[in-house]
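Undergrad: model the structure of this input:
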Amino acid sequence: MRMPRRTKILATLGPATDRPEALDAVLAAGVDVVRINLSHGDLEDHRRRVEAVRSWAERQGRRIGVLVDLQGPKIRIERFREGPVYLAPGDRFTLDPEVDPDGGDRSRVGVAYKDLPRDLAPGDELLLDDGRLVVRVVQIEGTAVHTEVQVGGGLSDRKGINRRGGGLSAPALTDKDRADIVTAAELCADYVAVSFPRCADDIHEARRLLADAGGHAGIVAKIERAEALEAAEGIIDAAEAIMVARGDLGVEIGDAALPEVQKQLIQTARARNRVVITATQMMESMIENPIPTRAEVFDVANAVRDGTDAVMLSAETATGAYPAEVVGAMDRVCRAAERSRTVTVSHHRLDEQFRRVDETIAMAAMYAANHFHIKALIAITESGGTASWMSRISSGLPIYVLTRHSETRGRVTLYRGVYPLEFDPEQEDLTALKGRLLSRLSAQGLVCRGDHVVVTHGEELGAAGGTNTLRIVCVDDYLDQ
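TA: This is a model prediction of the structure:
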């Protein structure tokens, strides 16, 4: 049996995965976490998809995480009376929140975001439809924003609006998002993604609302505003994970700046012990084609080499023609990239002091694993914190997490190189537990006689935050019992 893939694949569910056979094929191809996009569909759609995923995972003896993605503020134009329009360079075009939402034409269109005129000044550039069209603000009269088209093209209903350089003041959490956080809690989501946060306070607010609703999910901060980069460290510290959401972010800061920003965000998040998801257009050509472009292959591979925990598929699996094939293609690219020495050798935090005992044990375990003939690591944990620290270290070794808590098993599905397993500390002592697990890994061909495995745990199984023990054990000692 081949070793499990370390980089996690996050796949968005949608109409293309609604047929049971299509969903089964997508999950079997290697999905680790599914994304429920609350920008589309209704509660029954979302509930049905989550139940179908969990039912499949239970039959397969696996744990698949669930990430619920909040819509966030929709800074969009409204609709055109007679269908799409074409705007040529030099045309005058007005954006006005007071225009009839269904009454747009070649000269003007309504805007869903009522505060747009307050956020702008003459000379500002607005990017419509992910930057495909560019208009420059000429004058603001009351609610009417008069612009001149700089880069023309076709424009249809409900396309997005960005200001070059950022600066639109729409709050991250809308009334719909607040209601949807309750939905996420009802779905027992493992992660909730907050769209367009500007600062750490947006993450703290989402966490409070989630706790009030009885949810236990980790918070994912989607970095997609230019101003979020200025507050990046605070946002990263406030969340359990970040998503490098390259669509809106690229529009606001410019495509040329994206590669370096992506690398910096991945590096900063890993250094601060946070999970990173790289997203947007990773294999977009496979919405319509059965194989990726070479550029997409390089994009995914580079994200893996940079240390991302997960790579995300959006429309590729939600509405594309080849949802299972795109997961398979991403799986192959990730596995190949993970064989690079830059991915398996770490210099992480060699010059730092550690602050906690369990953190120190995790770092020592990975140092030992990378400098001795270790085949796997086993972290017996309550919160998953030990596994989180371990997963920040570059290594080619799998980290198996044993925990009695469903929330922890769901949380670690997004951690790079970490795989959750269930156990009950009240029914097994430590020796029996090690023997059962090593027998299972041996039967799957993941460890063999003569192999050594690192095991971390606390003195008392089932006590949170108590990891203080590291043992290197030989597989033979437990298979012979």
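
Undergrad: where's the closest residue to Glu407 other than its chain neighbours relative to Thr143, distance?
TA: Distance criterion CB to CB, 6 or more residues apart in numbering; nearest residue to Glu407, sequence neighbours excluded, is His216 at 4.8 Å. The way it works is simple: take the backbone N, C-alpha and C, and place the C-beta from them, glycine included. His216 sits 43 Å away from Thr143, going by CB to CB, to the nearest Å.

Undergrad: ditto for Thr360
TA: 59 Å.

Undergrad: likewise for Gly90?
TA: Distance from Gly90 to Thr143, by CB to CB: 24 Å.

Undergrad: name the surrounding residues that touch the top helix by length along the chain.
TA: Counting residues, the longest helix found in the chain (DSSP state H) is helix 43-60. The contact list for helix 43-60, computed with CB atoms under 8 Å, 6 or more residues apart in numbering, reads 13, 17-18, 20, 23-24, 27, 34, 36, 38, 63-64, 66, 68, 183, 187.

Undergrad: cool, and stretch 323-340?
TA: Contacts of stretch 323-340 (CB under 8 Å, 6+ apart): 5-7, 9, 11, 16-17, 22, 25-26, 28-31, 282-283, 286, 290-292, 297, 300-302, 304-305, 311, 313, 316-317, 320, 343-344, 396.

Undergrad: what about Glu98, is that helix, strand or coil?
TA: What DSSP: H, G, I helix; E, B strand; the rest coil gives for Glu98 is coil.

Undergrad: contacts only, for it.
TA: Under the criterion of CB under 8 Å, 6+ apart, the neighbours of Glu98 are 110, 142-144.

Undergrad: where's Leu441 relative to Val475, distance?
TA: Distance from Leu441 to Val475, by CB to CB: 8 Å.

Undergrad: same check, this time on Val85
TA: Counting by CB to CB, the gap from Val85 to Val475 is 68 Å.

Undergrad: give me the more crowded residue out of those two.
TA: Val475 (21 against 17; other CB atoms under 10 Å).

Undergrad: so what's that one closest to, chain neighbours aside?
TA: Asp451 is the one closest to Val475 (CB to CB, 6+ apart), at 4.7 Å.

Undergrad: around that neighbour, how many other residues sit close by?
TA: The number of residues near Asp451, taken as other CB under 10 Å, comes to 18.

Undergrad: pretty sure it contacts Cys474?
TA: Yes - counting by CB atoms under 8 Å, Asp451 does reach Cys474; the two are 7.4 Å apart.

Undergrad: next one: stretch 316-332 to chain centre, how far?
TA: 17 Å (CA atoms, centre = their mean, to the nearest Å).

Undergrad: actually, stretch 384-399.
TA: 18 Å.

Undergrad: endpoints of it, how far apart?
TA: Using CA to CA, to the nearest Å, one end of stretch 384-399 lies 11 Å from the other.

Undergrad: please shift the residue numbers so they start at 48 in all later answers.
TA: Yep, numbering from 48; the last one is stretch 431-446 now.

Undergrad: got the residue ranges for the helices in the stretch 398-528 of the chain?
TA: Counting by DSSP state H, counting those that start in this stretch, the stretch 398-528 of the chain has these helices, from start to end: 404-418, 432-438, 453-458, 477-490, 522-526.

Undergrad: hey, which of the ones you listed is tucked in deepest?
TA: Highest mean neighbour count among the helices of the stretch 398-528 of the chain (mean count of other CB atoms under 10 Å): helix 432-438, with a mean of 25.

Undergrad: which elements pack onto it?
TA: If contacts are counted by 3 or more CB pairs under 8 Å, 6 or more residues apart in numbering; DSSP states H and E, helix 432-438 sits against helix 404-418, strand 421-427, strand 446-450, strand 465-469.

Undergrad: closest one to Thr514 among those?
TA: With CB to CB as the measure, helix 404-418 is the member of these nearest Thr514 (3.9 Å).

Undergrad: related to what we said a few turns ago, and the helices of the stretch 398-528 of the chain as JSON lines, adding distance to Glu172 and mean pLDDT?
TA: Listed next are those as JSON lines, based on distance: least, CB to CB, whole Å; pLDDT from 0 to 100:
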{"stretch": "helix 404-418", "distance to Glu172": "46", "mean pLDDT": "88"}
{"stretch": "helix 432-438", "distance to Glu172": "41", "mean pLDDT": "92"}
{"stretch": "helix 453-458", "distance to Glu172": "41", "mean pLDDT": "94"}
{"stretch": "helix 477-490", "distance to Glu172": "57", "mean pLDDT": "82"}
{"stretch": "helix 522-526", "distance to Glu172": "62", "mean pLDDT": "82"}
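
Undergrad: how about JSON lines for those helices, with distance to Arg382 added?
TA: JSON lines is the format used below for these (distance: least, CB to CB, whole Å):
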{"stretch": "helix 404-418", "distance to Arg382": "20"}
{"stretch": "helix 432-438", "distance to Arg382": "17"}
{"stretch": "helix 453-458", "distance to Arg382": "23"}
{"stretch": "helix 477-490", "distance to Arg382": "19"}
{"stretch": "helix 522-526", "distance to Arg382": "24"}
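
Undergrad: just give me the closest of the contacts of Glu145 to Cys246.
TA: Thr190 (27.5 Å).

Undergrad: which residues does that closest one contact?
TA: 143-145, 164.

Undergrad: cool, Glu195 as well?
TA: Glu195 touches 137-140, 182-183, 185, counting by CB under 8 Å, 6+ apart.

Undergrad: would you confirm that Val229 contacts Ala260?
TA: Yes - the pair formed by Val229 and Ala260 meets the contact definition of CB under 8 Å, at 4.6 Å.

Undergrad: quick check: which of the helices of the stretch 398-528 of the chain is nearest to Arg317?
TA: helix 432-438 (9.2 Å).

Undergrad: and the contacts of the closest one?
TA: Around helix 432-438, the neighbours that count as contacts under CB under 8 Å, 6+ apart are 320, 322, 356, 405-406, 408-410, 412-413, 424, 426, 428, 446, 448, 459, 462-465, 503, 512, 514.

Undergrad: so the most centrally placed residue in the chain, which state does it fall into?
TA: Closest residue to the average C-alpha location of the chain: Ile324 at 3.8 Å, with CA atoms, centre = their mean. Counting by three-state DSSP, the backbone at Ile324 sits in strand.

Undergrad: just the buried members of the contacts of helix 90-107?
TA: 60, 64, 70-71, 74, 81, 83, 85, 110-111, 113, 115, 230, 234 (16 or more other CB atoms under 10 Å).

Undergrad: returning to what we had before: looking at the helices of the stretch 398-528 of the chain, spot the one closest to Gln314.
TA: If you check each of these against Gln314 by CB to CB, helix 432-438 wins as the nearest, at 15.1 Å.

Undergrad: Lys161: neighbour count?
TA: 11.

Undergrad: sorry, slip of the keys, the one I care about is Thr450.
TA: For Thr450, using other CB under 10 Å, the count is 23.

Undergrad: repeat for Leu449
TA: 24.

Undergrad: who's in contact with it?
TA: Per CB under 8 Å, 6+ apart, neighbours of Leu449: 425-428, 468-470, 480, 484.

Undergrad: for PyMOL, what selects the buried ones among those?
TA: The buried residues among the contacts of Leu449 can be selected in PyMOL (16+ other CB under 10 Å) with this line:
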select buried, resi 425+426+427+428+468+470+480+484
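
Undergrad: so which of the contacts of Leu449 sits lowest on pLDDT?
TA: Least confident by pLDDT among those: that is Phe470, with 71.

Undergrad: quick one: the nearest residue to that one once chain neighbours are set aside from Val494, how far?
TA: Spatially, and ignoring its direct neighbours in sequence, Phe470 is nearest to Leu449 (4.8 Å; CB to CB, 6+ apart). Counting by CB to CB, the separation of Leu449 from Val494 is 15 Å.
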